[in-house]
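Asks: Sequence first, predicted model second:
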Amino acid sequence: MIIPPDQPHDRTITISQTSHSWISGQLARAWSNESFAGFKPFEPICYAAEQHDIGFLRWENEPTLNLETGLPYTFEQLPESLHLDIWRTGIYQLKPVCSYASLIVSLHFHGLCERFHRRQTDFNLGEASQFLREQKEYQEHTRNTLRQDPLFEKAVAPEVLSYHRDLIAVWDFFSLELCRGRVTEFRLPAVPVSGNKQVDLFLRRRSGPEKQWEVDPWPFSGESLTTMCEARLLDQRFKDQKRMRQALQNADRTTIQFRLVPAGSPK
């Protein structure tokens, strides 16, 4: 759950993780131009981007109430054990649909776990270390399986997997920052361009009612890109979890659009 800050009590926008990941898939499908390299196999990677947070879906339908805010917990506030279980669920849900997408999502969450969940003091005993070991084994098994498929034979090379993992991370962070609505500008560091070349992307929100963002340098194929997701509107704060869940199920929906344009383009 993503809940932008400083919203009125009678109209609070809530965006599900799965809706945010839908934007990641839209970014993936429009990615690449003369300066930014493309990727293949195209469909499995776009699917991985779009579905990387599918493990959150069950929790999003029955979220836990944060009594301090009167709203559902955001994904950043979830306990570590629950967060890891949700990641694990999503990885294995993707496996019977597309093994390569499952592999890339596993690599993505493995990287996030190393960055945000690993604790040096309990690394040999904690749940994070168990998740890392488990995913390493899963990744090796899946790579060995996919090597037998001509379509994926080259795509499981270490440098190719790293490139695809890094792209998923870029699209994930890109979409998260748009949906969070916390800042008017942000930086995406070390974005893959081609080969070993990387560049930082800078995003700045233009003034005005429309959610329009300048992107520099421009990584997409078209002259502009409009992404969309859905959100649900809560009209109050809650003290009772059951009432909050019922209100969320019956909440009005709204469409949110983010229009992306190259820096310096006309308004």
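Replies: Perfect, thanks for sending it.

Asks: CA atoms for contacts and neighbours, from now on please.
Replies: Noted.

Asks: Show the low-confidence segments of this protein, by residue range.
Replies: For the chain, the stretches flagged by pLDDT under 70 are 117-125, 209.

Asks: Leaving out chain neighbours, which residue sits closest to Ile45?
Replies: Ala101 (6.0 Å; C-alpha to C-alpha, 6 or more residues apart in numbering).

Asks: Can you give me the neighbour number for that neighbour?
Replies: The number of residues packed near Ala101 is 23, by other C-alpha atoms under 10 Å.

Asks: In which helix or strand does it reside?
Replies: Using DSSP states H and E, Ala101 falls within helix 99-116.

Asks: what does that helix rub up against?
Replies: With contacts defined as C-alpha atoms under 8 Å, 6 or more residues apart in numbering, helix 99-116 is touched by 44-45, 47-49, 52, 87, 91-95, 128, 131-132, 135, 139, 142-143, 146, 152, 161, 164-166, 168-169.

Asks: Narrow those to those that are buried.
Replies: Buried members of the contacts of helix 99-116, scored by 16 or more other C-alpha atoms under 10 Å, are 44-45, 47-49, 52, 87, 91-94, 128, 131-132, 135, 139, 142-143, 146, 152, 161, 164-166, 168-169.

Asks: Doesn't Trp218 belong to a helix?
Replies: No. With DSSP: H, G, I helix; E, B strand; the rest coil as the criterion, Trp218 is coil rather than part of a helix.

Asks: show me where this structure has strands.
Replies: 12-14, 65-66, 71-72, 185-194, 197-205, 212-216, 225-234, 252-262 (DSSP state E).

Asks: Quick one: closest of these to Ser24.
Replies: Closest to Ser24 of these, according to C-alpha to C-alpha: strand 225-234, at 9.1 Å.

Asks: neighbours around Asp10, how many?
Replies: Asp10 has 11 neighbouring residues, counting by other C-alpha under 10 Å.

Asks: Likewise for Gln77?
Replies: As a burial measure, Gln77 scores 11 neighbours (other C-alpha under 10 Å).

Asks: can you offset everything so residue one is 4?
Replies: With the count now opening at 4, the last piece we talked about shows up as Gln80.

Asks: Please report the distance of it from Met4.
Replies: With distances taken as C-alpha to C-alpha, to the nearest Å, Gln80 is found 10 Å from Met4.

Asks: nearest residue to Gly93 other than its sequence neighbours?
Replies: Gly58 (3.6 Å).

Asks: In this model Ile89 seems to touch the one you found, though I could be wrong.
Replies: Yes. With contact defined as C-alpha atoms under 8 Å, Gly58 counts as touching Ile89 (5.0 Å).
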